[in-house]
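Student: this one's structure only:
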């Protein structure tokens, strides 16, 4: 009997925001897999560190960051092959995923490679989206409001139409695009809130105009047009 | 010293998807508050039922469903007044919220009434958004994809532009709008997946064309245009 691959969302960073189901799966794991970016520490592993049993087999996928997709694809190919070996031998594998596995997550690359061949179960997690809203004390959406989630690297023209069409805007993956995004929002008369590392000790919430230009990859801009005071 | 109001996300329905922080707050609560809709059972309370201490004071807000906002506003006014009394007497109050408090949640109405006067902390929860994606085994967004979240009650004209502009579409609050939404998506050549009561025992996942016309309020349509196989 082959094992099951669990794609387990860990939430935005605070280990207390791990769900009870995710915690139990990790505590019982014999095999855990996780990505690390460009040779650095694995953020996913750091969130779950206290739960990983001593002696669990760890499958680490070192994913290079580059515009060229081929090196990352090779890393996921190699990781998927290791995971497939463990599953074939009858072991369950718990893949640790920052946030939610299916929301801008690297688990999707493993899912694409392994679904169909193996049983896969996804355990949803708290996304950075609502974690940032909580950190900034900004309600996202009520009633019939429309929310648009936009990756910051998109070009201005693609972003501008969405900025105008949304009641609530969520700009992901801000990073080095911050100065450009700030100028774009200002040109549209929109005030944003900047959040980085939500729920971690180093969390920062600032009016967008006060944010420094060199934002980390894990940063977000929230804009709520807020016509409705919800009273 | 006044107490703190905790707006606690409980996730989409399966009690196992409650976060560890939410579980601890509820287990230690002396005062819990929650909405119930139109005289029915409180879905939020049912998710957390096993965690609520015996003897905790329960503040129940019975929210009528009507197009006229006044009766619901009165219910939130009354609930906020009861919560304010408990906070003023120095008690913390844990408000139970389906999904995430700031994502189409009724907690926003309490937040609007009580912020500023009292300390408020929001504990983010797993949203129905990613719970439905997990249930349907449908990755939502990767790389630079744009996701648009739309409430189903919006009129067709408002919906159509968003349908065209998104890579990933999430239609919330489908309910009785299902036949109209299905016709609209079909007219745009889009195939959707229908999910109701994600993560509960009664969960249903169907191609949209096979869904029955009388959908419950807690139902969603997901459309992923899926140009990218994530390989």
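Tutor: Nice, thanks for sending it over. Model, not experiment: these values are computed from the prediction. Numbering: from 1, shown residues only, chains lettered A, B, ... in the order given.

Student: and chain A, what are its domains?
Tutor: Each domain of chain A is listed here as a residue range: A:4-126, A:129-224, per automatic domain parsing.

Student: okay if I get the ones you listed as a markdown table plus mean pLDDT and distance to residue B:136?
Tutor: Any C-beta I mention is one placed from the backbone N, CA and C, and that applies to glycine too. Written out in a markdown table, the entries for the domains of chain A read as follows (pLDDT from 0 to 100; distance: least, CB to CB, whole Å):
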| stretch | mean pLDDT | distance to residue B:136 |
| --- | --- | --- |
| domain A:4-126 | 95 | 9 |
| domain A:129-224 | 95 | 18 |
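
Student: got CSV for those, with mean neighbour count too?
Tutor: Output for these, formatted as CSV (neighbours: other CB atoms under 10 Å in any protein chain shown):
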stretch, mean neighbour count
domain A:4-126, 20
domain A:129-224, 19
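
Student: can you redo those as TSV with distance to chain B?
Tutor: Below are the domains of chain A laid out as TSV (distance: least, CB to the nearest CB, whole Å):
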stretch	distance to chain B
domain A:4-126	4
domain A:129-224	4
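
Student: pick out the residue nearest the middle of chain A.
Tutor: Closest residue to the average C-alpha location of chain A: residue A:99 at 4.4 Å, with CA atoms, centre = their mean.

Student: show me where chain A has its helices.
Tutor: A:20-27, A:43-48, A:70-88, A:107-114, A:128-135, A:156-165, A:178-187 (DSSP state H).

Student: name the helices or strands packed onto the longest one?
Tutor: The elements that helix A:70-88 packs onto, with contact taken as 3 or more CB pairs under 8 Å, 6 or more residues apart in numbering or on different chains; DSSP states H and E, are strand A:4-9, strand A:31-37, strand A:57-63, strand A:93-97, helix A:107-114.

Student: not counting sequence-adjacent ones, nearest residue to residue A:166?
Tutor: Closest residue to residue A:166 apart from its sequence neighbours, by CB to CB, 6 or more residues apart in numbering or on different chains: residue A:148 at 3.9 Å.

Student: touching, the one you found and residue B:146? I think so.
Tutor: Yes - using CB atoms under 8 Å, residue A:148 is in contact with residue B:146, at 6.7 Å.

Student: which residues are in contact with both of those two?
Tutor: A:162, B:166 (CB atoms under 8 Å, 6 or more residues apart in numbering or on different chains).

Student: rewinding a little: partners of the residue nearest to residue A:166 in the sheet?
Tutor: residue A:169, residue B:148 (DSSP bridges).

Student: who's in contact with residue A:214?
Tutor: Here residue A:214 is in contact with A:176, A:178 (CB under 8 Å, 6+ apart).

Student: could you redo the last one with a cut-off of 7 Å?
Tutor: residue A:176 (CB atoms under 7 Å, 6 or more residues apart in numbering or on different chains).

Student: isn't residue A:216 up against residue A:194?
Tutor: No - using CB atoms under 7 Å, residue A:216 is not in contact with residue A:194; the gap is 11.1 Å.

Student: stretch A:190-207: how far from the chain's middle?
Tutor: Centre-to-centre, stretch A:190-207 and its host chain are 15 Å apart (CA atoms, centre = their mean, to the nearest Å).

Student: and if you look at stretch A:52-68?
Tutor: With CA atoms, centre = their mean, you get 16 Å for stretch A:52-68.

Student: next one: stretch A:155-165
Tutor: Distance, centroid of stretch A:155-165 to centroid of chain: 22 Å (CA atoms, centre = their mean).

Student: contact partners of that stretch?
Tutor: So stretch A:155-165 is contacted by A:148, A:150, A:169, A:184-185, A:188, A:190, B:146, B:161-162, B:165 (CB under 7 Å, 6+ apart).

Student: without its sequence neighbours, what residue ends up closest to residue A:42?
Tutor: residue A:36 is the one closest to residue A:42 (CB to CB, 6+ apart), at 3.8 Å.

Student: quick one, what contacts the one you found?
Tutor: Contacts for residue A:36 (CB under 7 Å, 6+ apart) come out as A:42, A:60, A:62.

Student: roughly how far apart are the closest residue in space to the last one that isn't next to it in sequence and residue A:30?
Tutor: The shortest distance from residue A:62 to any non-neighbouring residue, by CB to CB, 6+ apart, is to residue A:36 (5.4 Å). The spacing between residue A:36 and residue A:30, counted by CB to CB, to the nearest Å, is 20 Å.

Student: then residue A:64?
Tutor: On the measure of CB to CB, residue A:64 and residue A:30 end up 28 Å apart.

Student: please apply the same query to residue A:61.
Tutor: For residue A:61 relative to residue A:30 (CB to CB), the value is 18 Å.

Student: from residue B:226, how far out is the residue lying closest to residue A:110 once chain neighbours are set aside?
Tutor: Once flanking residues are discounted, residue A:110 sits nearest to residue A:80: 5.5 Å by CB to CB, 6+ apart. Residue A:80 is 20 Å from residue B:226, where distance means CB to CB.

Student: residue A:40 now?
Tutor: On the measure of CB to CB, residue A:40 and residue B:226 end up 31 Å apart.

Student: go on, residue A:65?
Tutor: Applying CB to CB to residue A:65 and residue B:226 gives a distance of 24 Å.

Student: again with residue A:112
Tutor: As judged by CB to CB, residue A:112 and residue B:226 stand 11 Å apart.

Student: does residue A:224 touch residue A:170 like I think?
Tutor: No - with contact defined as CB under 7 Å, residue A:224 does not count as touching residue A:170 (9.6 Å).

Student: now the contacts of stretch A:155-165 in CSV, with distance to residue B:200?
Tutor: Formatted as CSV, those follow (distance: CB to CB, whole Å):
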residue, distance to residue B:200
A:148, 29
A:150, 31
A:169, 31
A:184, 41
A:185, 39
A:188, 41
A:190, 38
B:146, 30
B:161, 33
B:162, 28
B:165, 32
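
Student: let me know the closest of these to residue B:8.
Tutor: Set against residue B:8, the nearest of the contacts of stretch A:155-165 by CB to CB is residue A:169 (25.9 Å).

Student: mind listing what the residue nearest to residue A:221 when sequence neighbours are not counted touches?
Tutor: The shortest distance from residue A:221 to any non-neighbouring residue, by CB to CB, 6+ apart, is to residue A:171 (4.1 Å). Residue A:171 makes contact with A:150, A:152, A:181, A:220-221, according to CB under 7 Å, 6+ apart.

Student: again with residue A:127
Tutor: By CB under 7 Å, 6+ apart, the neighbours of residue A:127 are A:99-100, A:103, B:127, B:130.

Student: mind putting those residues into CSV with distance to residue B:70?
Tutor: Putting those into CSV (distance: CB to CB, whole Å) gives the following:
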residue, distance to residue B:70
A:99, 39
A:100, 37
A:103, 37
B:127, 29
B:130, 34
